[in-house]
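> fold the following.
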Amino acid sequence: MHNSKLFSLLKSFNEDDFKSFRNFVNSPFYNSGKNLIRLYEVIYKYRTDLDNKNLNKEVVFKKLDSKSKTYNHQMMKNYMSELFDLALQYISTKAVQNSNEEKILTIEYLHNVKNFDLAGKLINAELKIYETETDINEKYYINKLRILDLYHNQLIYTGNRELASKVLINIFETLLKYQTLTLFKCRFDLETIRKKKELKEIHPLEISLDKFMDYGSFLDSNPSLEKFNIFYYAFLARINNEDEELYKKLKELIYKYIDEFSMEEKHNMGTFLLNFIYGGLYKKGKKYNVESFELNKFLLEKNIFTLGDTIEFGEQTFYNIANNALIVKEYDWLKKFIEENYKKLNSEFSLNLYNYFYAFINLYQKNYDKALTHLAKVGYTDDFSKLDIRVINMMIYYEMQDYDMALRSVESFRHFISKKDLIVNPVYEEYFHKFIKFYSKLLNDKAANREVDYAVYAEAKKSGPLMYREWLLEKLEKEIK
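This is a model prediction of the structure:
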């Protein structure tokens, strides 16, 4: 019983659902089977403990059909299936009650029995509600289209063709808005996936639609659709992902309306804003490091980094949030983030990331022995991480002024990176090579108590991206003064 479809569904019920479903099962309108009533009464007794061992098929069956002396598996299976179907019916009925769907079904029924007078009154009452509705979304347009379609059919049937023509125009306008907004949202999801680099190609129809549709004018002429500018601005961002004003507008709208969207849409919006920064705006200066930190805080508060999975963070998401906090030197916030969230990762990642970031925190807060202790506990096995850990060790030894260990670390690094079977992205391998080049010059001069040649600093500054560039330039600059 415990692994059945019925129990899987019942485990999603709250106390009110259990009580309401009890009335539903006992209602002759929905159920005439006494054994289903008895079955649910047994289950109801254990509603707070559905895994209880007393909910055994053989034991429960004895309480259902007193005429059967032995357990009948097929009969019990049928009872379970019937109660499951009844539970699905309860959910459907609950979903329809007091909703637009219920009113639409009522109007359809009145049409079927040709009670057009009452149907017309209900239609007019519903349309007045739609005129004042502020929560406009796809469901709003779907239901409005169904009401208008019923109204149009009724007017045609009753011979009021003049008003039917006006209603048809309303249908056209509503359909256009619905299709356009659905298109916006689909396009936004596609752009989000592209920014994640999970999709590269652009469908030819997207290009054709861009030439055909004046999205901006459409939205400007419909103030009630302001929140859907989110999807339009996202489309514009594909053309220019370094437009600071566009980012500002998009962010303001997302912050204003984010609670009105589904969790998946919220997740995509957060991802899009972050990728807007990482994909272009980061070139505008360090202020966007702070901006992405504040954005991460907002998305965490809204619980947007999860789509309802049991594991709240993927390794890369956790790393990005923590690394960004390191960059902006928010160490206390980072400690709290790590402690609250590292256990939500897969176990194979959690301790590695925990110790990796605590090594950095302690390095930057000058707790060098603690930094080395944490770093020694990081157990990554890929070549990139092994090189990275060697570099961090060099940084710690340099800060400790333990130049002998630093020099040994340099030799260990050079030996490791010279391996022929090294598996590292060539771009990052070059970043490592550039780091070791300038670090070695810095270390040798520091160990010999010599002033660093300014030319070394100038060359490093003009060399482009390299590993831990900011730290290295800071140390070089300090030694040339």
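> could you list the buried residues of the strand or helix carrying residue 444?
Counting by DSSP states H and E, the element that carries residue 444 is helix 426-447. The neighbour-count check on helix 426-447 (16 or more other Cβ atoms under 10 Å) flags 428-429, 431-432, 434-436, 438-443, 445-446 as buried. (Glycine included, C-beta is placed from N, CA and C.)
> hmm, who's touching stretch 332-347?
Under the contact criterion Cβ atoms under 8 Å, 6 or more residues apart in numbering, stretch 332-347 has outside partners 297, 300, 311-313, 315, 318, 321-322, 325-326, 350-351, 353-354, 357-358, 361.
> please apply the same query to stretch 125-142.
Outside stretch 125-142, the residues that touch it by Cβ under 8 Å, 6+ apart are 100, 103, 107, 144, 147-148, 151, 174-175, 177-178, 181-182, 185, 224-225, 260.
> now the helices for the stretch 201-350 of the chain?
Assigned by DSSP state H, counting those that start in this stretch, the helices in the stretch 201-350 of the chain fall at 204-212, 215-220, 229-239, 244-257, 263-279, 287-301, 315-327, 331-341, 347-364.
> nope, the stretch 351-481 of the chain is what I was after
368-376, 383-400, 403-417, 426-447, 454-461, 469-479.
> which of those helices sits most buried?
helix 383-400 (a mean of 20; mean count of other Cβ atoms under 10 Å).
> now that helix against helix 368-376, angle please.
Helix 383-400 runs at 170 degrees relative to helix 368-376, counting by axes from the mean of the first three to the mean of the last three Cα atoms, to 10 degrees.
> gap between helix 383-400 and the chain center?
Computed by Cα atoms, centre = their mean, to the nearest Å, the separation of helix 383-400 from the middle of its chain amounts to 33 Å.
> avg pLDDT for that helix?
Computed over helix 383-400, the mean pLDDT rounds to 92.
> now do stretch 355-364
pLDDT averaged over stretch 355-364 gives 93.
> pLDDT weak spots in the stretch 251-400 of the chain?
Residue ranges of the stretch 251-400 of the chain with pLDDT under 70: 306-313.
> neighbours of residue 154, how many?
For residue 154, the count of nearby residues is 20 (other Cβ atoms under 10 Å).
> now do the strand or helix carrying it: distance to the chain's middle.
Here residue 154 sits within helix 138-157, counting by DSSP H and E. Helix 138-157 sits 34 Å away from the centroid of its parent chain (Cα atoms, centre = their mean).
> what angle sits between whichever helix or strand comes after that helix and helix 204-212?
Using DSSP H and E, the helix or strand that follows helix 138-157 towards the C-terminus is helix 161-195. Angle, helix 161-195 to helix 204-212, by the same axes, to 10 degrees: 120 degrees.
> mean confidence for helix 161-195?
So the average pLDDT for helix 161-195 ends up being 83.
> again, but for stretch 202-210
Per-residue scores along stretch 202-210 average to 75.
> outside of it, which residues touch it?
Stretch 202-210 has contacts (Cβ under 8 Å, 6+ apart) with 183, 187, 190, 235.
> same question, stretch 387-404
Applying Cβ under 8 Å, 6+ apart, the contact partners of stretch 387-404 are 359-360, 363, 366, 368, 371-372, 375, 378, 380, 405-406, 409-410, 412-413, 416-417, 424, 432, 435-436, 439, 442-443, 446-447, 467-468, 471, 475.
> may I have that stretch exported as PDB, CA atoms only?
Written as PDB, here are the backbone C-alpha positions of stretch 387-404 (Å, rounded to 0.1, in the frame of the first residue of the first chain):
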ATOM      1  CA  LEU A 387      46.800  23.400 -10.400                       C
ATOM      2  CA  ASP A 388      44.500  25.900  -8.700                       C
ATOM      3  CA  ILE A 389      45.200  24.500  -5.200                       C
ATOM      4  CA  ARG A 390      49.000  24.600  -5.900                       C
ATOM      5  CA  VAL A 391      48.600  28.300  -6.800                       C
ATOM      6  CA  ILE A 392      46.600  29.100  -3.600                       C
ATOM      7  CA  ASN A 393      49.300  27.300  -1.600                       C
ATOM      8  CA  MET A 394      51.900  29.600  -3.200                       C
ATOM      9  CA  MET A 395      49.900  32.700  -2.300                       C
ATOM     10  CA  ILE A 396      49.500  31.500   1.400                       C
ATOM     11  CA  TYR A 397      53.300  30.700   1.700                       C
ATOM     12  CA  TYR A 398      54.100  34.100   0.200                       C
ATOM     13  CA  GLU A 399      51.900  35.900   2.700                       C
ATOM     14  CA  MET A 400      53.500  33.800   5.500                       C
ATOM     15  CA  GLN A 401      56.900  34.900   4.200                       C
ATOM     16  CA  ASP A 402      57.800  31.200   4.100                       C
ATOM     17  CA  TYR A 403      59.800  31.600   0.900                       C
ATOM     18  CA  ASP A 404      61.400  28.100   1.100                       C
END
